[in-house]
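[1] sequence isn't available, so here's the structure alone:
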């Protein structure tokens, strides 16, 4: 391939850049490319013409390895078919460039403005994209996952899916960027020089900010004396200088929303620490160990017993939280407000736990801080928090009482209800009939028994996910089912629950056998409708025991659907395709779509329909974008 390419020498490249800037500035900016294949050759035309200079076009040319192109205007340049291995592109304007069918292996794209880049079919192995705008860049048909994206807003890249990253992974990348990026090191040096004459050799100052969507909060500088941070006039002066520097933002620009960043100032040293979950907990422990309750109220740290239960509620982009806090004094306990110093920590905990935490329990006692969460996060050593509860004596034959406990999502209450039902035959049969199909699906265990219920029932997160009515997060709406942005667990949860509810009321194997013996579509549709009637009748019969619980709420929501659309957007669906009751889920799609159903697949793992697809009342129409889809084989003796 390289033998057919010619090398661009340094002087020629410099002149091409000069001519391109003239072209862009004289009317050549903002055009559109048209690509056509003529007699096996790719032809490219550009819709705008500058009155001076020449369009940058290096088709089938080579930029030598090690070349650095810096601070240049190359918007709408053509790199198609070029070889640019190991080239550094720094602080460039690359908007709208054609960079397709090219080889950029090992190259670096650093800072600059680069929206609407077209990288299609290019080699990006070991490329590094750092702190650069990639809005609407097209990475389809590239090995983009072999490249490195550092300090990049990947959500702006719409063309390809990226594996989801945890907050911890993003923080780890930010730490690496802060410790290695040349511009960040320069910023740190400039700030150290500004503060050098104001800090003595043995002095230490600290500041902790919270990065938000609109900037930062907090950030007051404190002086550290004998291991305790405190206000001082000198700390205020350090803070004023630090905040006034135009370099300050450079230190945390790689850090995601909801992250606390700790700055430590010494005479010739500035440390920048994006705080992960463990750093946060250690910082909270340190603060609680100071014994401060309010600005004017303190307690002996060795005797301090502090407890707080924090509940989160995310509404759209707005996070709300409420804390119930108690200080246990030697003679009494007192309800207090959570210390103001912990407010930003509480917000950051939510984001550090990937916006999945619902409750956090903090207890400081004997100079130690214990943190428990719901749901648990064992990867961080955070055990499950369960609210304390008192169970009144319950009649084991009281269906409503037992169902209320089972549908609470509370492990202790569920275990108590199951233990009561186990010794009551009639109630055991009822509980098994109501919930065991769902448990079987969740556990992928067709022969599940009563004792499996404890591990297969829905928890609070599960049923809140299924029944959410929050705009943008609704999964079961009147006219659609949405798997958009679902991970494997969430997709399988929806398929398990819906499929199990269907399969408990009809025998799908019987339906398929009967369908295979039919001779025309009219009789098939009539057969399908009879089974639909049986499912609806069975679902309605299950209501009336506990209407406030998730089970009947879910059935009511499902029965009200008039399904027109099944949505997939960057969806993981591999486990759902293999779900025990997947065909029951397929049946439901046919049952609840009155006239038509569109399956919209966008950059997702595809849904793999079974032979049940051809037996549905109305055949779904599939619209696939950047997703491979194939129809299943039909087992019917006629075509549809």
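    Looks like it came in fine. What you see is a predicted model; the values in this text were computed from it and never measured.
[2] and residue 326, what pLDDT?
    Looking at residue 326, its pLDDT is 88.
[3] name the SS class of the closest residue to it other than its chain neighbours, please.
    Leaving aside its chain neighbours, residue 326 sits nearest to residue 307 (4.9 Å; criterion: Cβ to Cβ, 6 or more residues apart in numbering). No exception for glycine: its C-beta is placed from N, CA and C like everyone else's. Secondary structure for residue 307, judged by DSSP: H, G, I helix; E, B strand; the rest coil, is strand.
[4] which phi and psi does the spatially most central residue of the chain have?
    A centroid search over the chain (Cα atoms, centre = their mean) returns residue 164, at 5.7 Å, as the residue closest to the centre. When read as degrees, to the nearest 10, the backbone of residue 164 gives phi -60, psi 140.
[5] and for the one 5 residues further on?
    The main-chain torsion angles of residue 169 are listed as degrees, to the nearest 10 and equal phi -70, psi -40.
[6] how close does it sit to residue 176?
    11 Å (Cβ to Cβ, to the nearest Å).
[7] look at residue 121 and give its secondary structure.
    coil.
[8] so the residue lying closest to residue 520 once chain neighbours are set aside, which state does it fall into?
    Closest residue to residue 520 apart from its sequence neighbours, by Cβ to Cβ, 6+ apart: residue 638 at 6.0 Å. Following three-state DSSP, residue 638 is assigned to coil.
[9] dump the residue contacts of the spatially most distant residue from the centre of the chain.
    Of all residues in the chain, residue 519 has its C-alpha farthest from the mean position, at 48.4 Å, by Cα atoms, centre = their mean. Neighbouring residues of residue 519 by Cβ atoms under 8 Å, 6 or more residues apart in numbering: 637, 638.
[10] assign a three-state SS to it, would you?
    What three-state DSSP gives for residue 519 is coil.
[11] one more: the one 3 residues further on?
    In terms of secondary structure, residue 522 is helix; the call rests on three-state DSSP.
[12] what about it, neighbour count?
    9 (other Cβ atoms under 10 Å).
[13] how many residues are close by the nearest residue to the residue nearest to the centre of the chain once chain neighbours are set aside?
    Once flanking residues are discounted, residue 164 sits nearest to residue 487: 7.0 Å by Cβ to Cβ, 6+ apart. By other Cβ under 10 Å, 13 other residues sit near residue 487.
[14] hang on, the earlier thing: identify the bridge partners of the residue nearest to residue 326.
    residue 326, residue 363 (DSSP bridges).
[15] which pLDDT value belongs to it?
    92.
[16] same thing with residue 166?
    pLDDT, read off for residue 166, is 89.
[17] that one contacts residue 353, correct?
    No: look at residue 166 against residue 353 with Cβ atoms under 8 Å: they stay out of range, at 9.2 Å.
[18] the two: which is more packed in?
    Between residue 166 and residue 353, counting by other Cβ under 10 Å, residue 353 is the more crowded of the two (23 against 13).
[19] show me the contacts for the nearest residue to that one once chain neighbours are set aside.
    Spatial nearest neighbour of residue 353, excluding adjacent residues (Cβ to Cβ, 6+ apart): residue 377 at 5.9 Å. Counting by Cβ under 8 Å, 6+ apart, residue 377 makes contact with 277, 353, 357.
[20] from residue 491, how far off is residue 377?
    21 Å.
[21] swap in residue 396?
    Separation of residue 396 from residue 491 (Cβ to Cβ) stands at 37 Å.
[22] where in the protein is pLDDT low?
    For the chain, the stretches with pLDDT under 70 are 1-3, 294-296, 315-316, 332, 389-392.
[23] again, 80 this time
    1-4, 155, 158, 164, 291-299, 301, 314-318, 329-336, 387-393, 470-472 (pLDDT under 80).
[24] hang on, isn't residue 302 packed against residue 367?
    Yes: using Cβ under 8 Å, residue 302 makes contact with residue 367 at a distance of 6.6 Å.
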